[in-house]
Structure formats: C-alpha cells, structure tokens
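Peer 1: Sequence unavailable; structure follows:
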C-alpha cells in the first residue's frame, strides 16, 4: 500500500499503513474536495471532508471514504453503530 508518497511492505506493513491512512484522512477532514490519499493493488483510496450533518463526535464528522477502480464506490456502507437493516 502507498499512503501519500510512502510505500508500506513487509512485516507490520498492514498495521503501519492503516495508521498512516487514518492520519492522512483525518488530517484532511476539512478539505471538501475528493482527493486521493492512498493506493492499493491498482485501486485509489480517496477521501473528502463532510460538513457537520452526519455522524458526529464532539462536534466533528467522519470524512467520506471512497475506493476507485473501474468505478467509484463508497467505502462506508453502514453507519458506525449498525445499519438499519441489521436485525
């Protein structure tokens, strides 16, 4: 995985890449334009900030996260606390 300009591979790479991606996405949460933050096996991982209308913790919102391959897909389908269809 590549996050920003840093490539992660080898032992512990998955965990370190996850930390770096989380940091990158949260650092840019005030940027409302869809921008690539990382790539993985030919897929682009993109994010953009959201205005204060969604799920909020202490007045902050979680950024939108998307994956682009042949199409653009939202990476977050369910809300953090569960999907309304879950029984």
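Peer 2: In hand now; what should we look at? Just so you know, these numbers come straight off a predicted model, no measurement behind them.

Peer 1: Just the buried residues of the helix or strand encompassing residue 46, please?
Peer 2: Here residue 46, judged by DSSP states H and E, is contained in strand 43-48. Neighbour-count burial for strand 43-48, counted by 16 or more other Cβ atoms under 10 Å, picks out 45, 46, 47, 48. Backbone N, C-alpha and C define where each C-beta goes, glycine included.

Peer 1: show me the contacts for residue 20.
Peer 2: By Cβ atoms under 8 Å, 6 or more residues apart in numbering, the contact list for residue 20 reads 3, 4, 6, 8, 38.

Peer 1: model confidence over stretch 25-43, on average?
Peer 2: Regarding stretch 25-43, the rounded mean pLDDT is 92.

Peer 1: Kindly report the same for stretch 4-17.
Peer 2: 94.

Peer 1: got the buried residues for that stretch?
Peer 2: Residues of stretch 4-17 classed as buried by neighbour count (16+ other Cβ under 10 Å): 8, 16, 17.

Peer 1: Name the member of those residues with the shortest distance to residue 71.
Peer 2: Nearest to residue 71 among these, counting by Cβ to Cβ, is residue 17 at 23.4 Å.
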